[in-house]
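Visitor: Mind looking at a prediction? Sequence and model below.
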Amino acid sequence: MRDEDRQPVSRMAVKNRWYDLFSRGARDWLRHNEKVREAVRDQLSDMVTGSDILSRPGDRTVQVPVRFMEHYRFRLRDPHEDDGVGQGSGQPGDVYRTGGQPRRGQGGSEGGSGEGEMQFVLEFQVDDIVDWIWQELELPDLKPKTADALQDDELTPEGWDKRGPRARLDRRRTVKEAVKRRAVQTDPVPFTDDDLRYRQLSRRRRPAMNAVVAFILDVSASMDANRRKLAKAFFFWASQGLRRQYGNIETVFVAHTNEAWEFTEEEFFQISATGGTVASSGFRKVQEIFSERYQPSQYNQYVFYASDGDNFADDRDAAEALAMELGNQVNFMGFVETPQNRFEAARSETGRLFKSLEARNYPVSSYTVHGNEDIWDAIRAFFRRQATSDDSQQAG
Amino acid sequence: MKHVHGPEMSNEQLAEYTPRIEGLARDHGLSFYPVDFELVPNQFMMEVAVYGLPVRMPHWSFGVRYIYQYIQHRMGNSKIFEVVFPGNPNRAYLVDDNALPENTLVTAHVLGHADFSCNNQLFDRMQREVGFHIVEQAAERASRIQDAIETHGQRRVEAVLDAALALEANIDVNQPLNRRDFPEMEEPRVRPRPQGFQRHYSELPGEETEEEPQRRRPAAIPPQPEYDLLWFIARYAPELEGWERDIFLAVREESFYFYPVFACQIMNEGWASYWHARLLREAEFLPHQVYLDAIKTHSDVVRPYAGDDAVALRVNPYHLGFSIWERILRDCSLDEALAIRRDEDDFSFIRNYLDEDLAAELELFNYTRRPGAGGEERYIIRDREIDALRENIIGPKFNYGAPRIYVRSMGVDGSLELAHDTDTDGRGLDINRSRKVLNYIQRVWRRPVRLETVDHAGDTKVLEPEDTDPEKA
């Protein structure tokens, strides 16, 4: 290489070429985020059942704090302590501390967790999450009650008439009539009563797109925090699913022991009470609310009842009567059972009640939920059944 | 350019300085392949630093590194001066918004690297293996992988890259890049010729035994522990498709290319820093202000401590390497120094040339890190013992920084048995992470995969992937 003739000469290019076109870093970063979303999606059931989205009903997004994904490598186990080399004038025995400072992204972290991993927040639309779940669970879309089952009056403009209330006078049409008349008359007057045209409205029937969901929660002493959480998760996703279907959905929250009260959504999941379980009190409360505010002719009605299945034996007849009454008017009634014992599912007092209604072709069903993993099965079972029962309704 | 003042301080001047600095370098006996310098936007530079190559295969893990780098950069914690890719020609990227003095310094620095990579034996061997044109080859492979994504879908390609990139450091750099397969059959055992009485006996009429036809048996695969996991999987995975093998071999080749950069970092950065300082000092053609600003940048780069700190818990490789080379060039002839840069890597460099005097002068100390009560980390200065210092500096570089994991055997059903050389590494693997890596491997191996290591008590522990269903992708 020392040969002067062959000595290569380096080249210095100071003009940019096409490097601005690159943004592979950003591309791979987006791919990372996509993967995080997929991961979130895969664990959606765990994440959402544990999260507090329910307590913020107005907010249609969930912010999920996520870690950067780690591309795993073989690594030695973290030693209890490890050795390194530093530089400086300290004496043996001197101690330096770093306040849990991240080892990699120094200072770039907001989450300062012990491992020093950076966290960032991804925002998810609740609607997106619901859509994912629907795709994931392959849930069918629901159908509202068919036209003859449930109707809503609607006035639509339809034609004109010579008589009508003053407010519906169609001036443009009236002038048109007058112009026509004057064109054929020799000495026309400007307007006659015959020129007047009133808009005509006709009464049309259309299927109601309103829905109301009543959630009844047994808050007696035997429903502990965990059971309530399961019930809450089921309620939330069932209502989201219905919300996806109906343009206008209203919710009613009722809690009962041996009495029943209506609550706002926020309060609903906080309350606890002591007392026995009288299921009919809850059914009665819902029945009252429905007849006061949500006429069955105007609303698609859904009822969900969550309980551990206990009910006073004295209440058996009252509960059955009310459940049948509700069963006759609602689109669907679901019983979410969080039993004390896995093997006693559907053998409880209320469980048997719903089974017997189901056997008599009432639109009811029951679901057993022990843990988070059961919620999606319950949701899936609910919406599958709904869709098929709607089909049969339509066919009939 | 004489009539305008501005351009004298603009990067345009580099075109004039570069050949003159290069001439100075050659006068000192440095030799290198030509360097293609290019000024690029900062954005591009960050990407090059993250990907390790100007154009490289896409993978989400680069995206994570990119964001770290981006945040560091935005917070002013990190400034990239140059990236140079050894080859013939070398390719060097400088940042176009860095000032002329900085870029002048960087130009000299790059020439130091170019000399190092041209003459250092480890670099030279790896360059010969990968063929002197890594930048173009990597770009070509990246475009093939892009094609694979279009043909086979992102998910499948990503699964292969997840596995291959996770095993990036699990190669055997002592083997050639292009290896032969293991023999399929065992070598026939050669029987010793009969001696003495046996020979006479066998020569008796009617006693000539027919050389009995030896049944050759299939050889064990691998015949001995195989540390090159990337190669082994590429070659022996029972159901790997051609395009998947290509990806494994692509990652492996880039890994060979990166190895000398990793294994000579202290030497190489020190050498380049020594020469940028010296070449600029001797470059009389530089305006005074350019020189002063450049030297200020130099002292920022090679200083031991960050900011106003008086103690650092990591040794800056630029500083350490620079200090050792200054000492060598003070005490030895230039020819001896050139021989050291030719023959050593960081392991021997630190062991041979970081002596007690220098360690004391640099105030190096050994510390122990212990988690404190409040989750904070406590660093306790232990001593300044030289052997421990050396081992602590080079320890993390051992085996390309990865645990020593090898293929022990392959079952008749195609199952893969990996083992961890725990004696050498001194402790077992991080169990959770290892399982995740086994997940990656299982997706390409498509047969059962096991890995033997030890737990915290030192007892043998066999790890399996988390999802044992090989169909699950």
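Guide: Looks like it arrived, so ask away.
Visitor: Name the SS class of the residue of chain B most remote from its centre, please.
Guide: Within chain B, residue B:205 marks the point farthest from the mean C-alpha position, 66.4 Å out by CA atoms, centre = their mean. When classified by DSSP: H, G, I helix; E, B strand; the rest coil, residue B:205 comes out as coil.
Visitor: Need phi/psi at it.
Guide: With angles defined as degrees, to the nearest 10, residue B:205 sits at phi -60, psi 140.
Visitor: Name the nearest residue to residue B:175, sequence neighbours excluded.
Guide: Nearest non-adjacent residue to residue B:175, counting by CB to CB, 6 or more residues apart in numbering or on different chains: residue B:228, 6.1 Å away. Any C-beta I mention is one placed from the backbone N, CA and C, and that applies to glycine too.
Visitor: isn't the one you found right next to residue B:171, touching?
Guide: Yes. Residue B:228 is within contact range of residue B:171, at 5.1 Å (criterion: CB atoms under 8 Å).
Visitor: between the two, what contacts are shared?
Guide: residue B:252 (CB atoms under 8 Å, 6 or more residues apart in numbering or on different chains).
Visitor: So between the two, which is more surrounded?
Guide: Neighbours per residue (other CB atoms under 10 Å in any protein chain shown) separate residue B:228 from residue B:171, with residue B:171 holding more: 25 against 22.
Visitor: Name the SS class of the more buried one, please.
Guide: Assigned with three-state DSSP, residue B:171 falls in the coil class.
Visitor: Pull out the buried positions in stretch A:167-175.
Guide: Buried positions in stretch A:167-175, judged by neighbour count with 16 or more other CB atoms under 10 Å in any protein chain shown: A:170, A:174.
Visitor: For the stretch 51-200 of chain A, which segments are assigned as helices?
Guide: A:126-136, A:171-184 (DSSP state H, counting those that start in this stretch).
Visitor: Of those, which is nearest residue B:83?
Guide: Among these, the nearest to residue B:83 by CB to CB is helix A:126-136 (39.9 Å).
Visitor: Smallest gap between the stretch 51-200 of chain A and chain B, at which residue?
Guide: residue A:88 (3.2 Å; CB to the nearest CB).
Visitor: my guess is that residue contacts residue B:312, does it?
Guide: Yes. Contact criterion CB under 8 Å: residue A:88 and residue B:312 qualify, at 6.3 Å.
Visitor: Now residue A:274: closest residue in space that isn't a chain neighbour?
Guide: Distances taken as CB to CB, 6+ apart place residue A:221 nearest to residue A:274, at 4.9 Å, with adjacent residues excluded.
Visitor: and that neighbour, that one's in a strand?
Guide: No. Counting by three-state DSSP, one finds residue A:221 to be coil, located in no strand.
Visitor: That one contacts residue A:310, correct?
Guide: No. Residue A:221 lies out of contact with residue A:310 (CB under 8 Å); the separation is 10.2 Å.
Visitor: Just want to know which of these two has more residues nearby.
Guide: residue A:310 (19 against 12).
Visitor: What separation do you get for the more buried one and residue A:349?
Guide: From residue A:310 over to residue A:349 the distance is 6 Å, taken as CB to CB, to the nearest Å.
Visitor: In the stretch 351-473 of chain B, which residue sits nearest chain A?
Guide: residue B:436 (3.8 Å).
Visitor: Got phi/psi on residue A:320?
Guide: Here is the backbone geometry of residue A:320 (degrees, to the nearest 10): phi -60, psi -40.
Visitor: which residues sit in contact with it?
Guide: Residues near residue A:320 by CB under 8 Å, 6+ apart: A:353, A:356, A:357.
Visitor: give me that answer again for 6 Å
Guide: Taking CB atoms under 6 Å, 6 or more residues apart in numbering or on different chains, we find residue A:320 in contact with residue A:353.
Visitor: Quick check: it vs chain B, distance?
Guide: Separation of residue A:320 from chain B (CB to the nearest CB, to the nearest Å): 47 Å.
Visitor: before we move on, what about residue A:330?
Guide: Distance of residue A:330 to chain B, computed by CB to the nearest CB: 42 Å.
Visitor: Bridging across strands, which residues link to the nearest residue to that residue once chain neighbours are set aside?
Guide: In space, residue A:330 comes closest to residue A:301 once its chain neighbours are excluded; the distance is 4.1 Å by CB to CB, 6+ apart. The partner list for residue A:301 in beta bridges (DSSP bridges) reads residue A:212.
Visitor: Near residue A:301, how many other residues are there?
Guide: Residues near residue A:301, counting by other CB under 10 Å: 24.
Visitor: quick one, what contacts it?
Guide: Counting by CB under 6 Å, 6+ apart, residue A:301 has contacts A:212, A:330, A:331.
Visitor: For those residues, give me JSON lines that also has distance to residue A:268, neighbour count and pLDDT.
Guide: Shown next, in JSON lines, are these (distance: CB to CB, whole Å; neighbours: other CB atoms under 10 Å in any protein chain shown; pLDDT from 0 to 100):
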{"residue": "A:212", "distance to residue A:268": "15", "neighbour count": "26", "pLDDT": "85"}
{"residue": "A:330", "distance to residue A:268": "20", "neighbour count": "22", "pLDDT": "84"}
{"residue": "A:331", "distance to residue A:268": "22", "neighbour count": "25", "pLDDT": "81"}
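Visitor: domain assignment for the chain?
Guide: If you meant another chain, say so; for now it's chain A. Under the assignment automatic domain parsing, the domains of chain A span A:26-70+A:110-136, A:152-206, A:208-395.
Visitor: Please refer instead to chain B.
Guide: B:6-120+B:264-353, B:134-177+B:220-261+B:403-463.
Visitor: What count of nearby residues applies to residue B:197?
Guide: Residue B:197: 8 surrounding residues under other CB under 10 Å.
Visitor: Please report how far residue A:228 lies from residue B:427.
Guide: According to CB to CB, residue A:228 stands 46 Å off from residue B:427.
Visitor: neighbour-wise, which of the two wins?
Guide: Higher neighbour count among residue A:228 and residue B:427: residue A:228, with 21 against 17, using other CB under 10 Å.
Visitor: Is that one in a helix, a strand, or coil?
Guide: The assignment at residue A:228 comes out as helix when based on three-state DSSP.
Visitor: Starting from chain B, give me the distance back to it.
Guide: Per CB to the nearest CB, residue A:228 is found 32 Å from chain B.
Visitor: Check what pLDDT that residue gets.
Guide: Residue A:228 carries a pLDDT value of 79.
Visitor: what do you get for residue B:260?
Guide: 96.
Visitor: Ok, the one 3 residues further on next?
Guide: Residue B:263 is assigned a predicted lDDT (pLDDT) of 96.
Visitor: and it, what is it in contact with?
Guide: Applying CB under 6 Å, 6+ apart to residue B:263 gives the contacts B:345, B:346.
Visitor: and residue A:96, bridged to which residues?
Guide: residue B:379.
Visitor: Just confirm it contacts residue B:381, I think it does.
Guide: No. Look at residue A:96 against residue B:381 with CB atoms under 6 Å: they stay out of range, at 7.9 Å.
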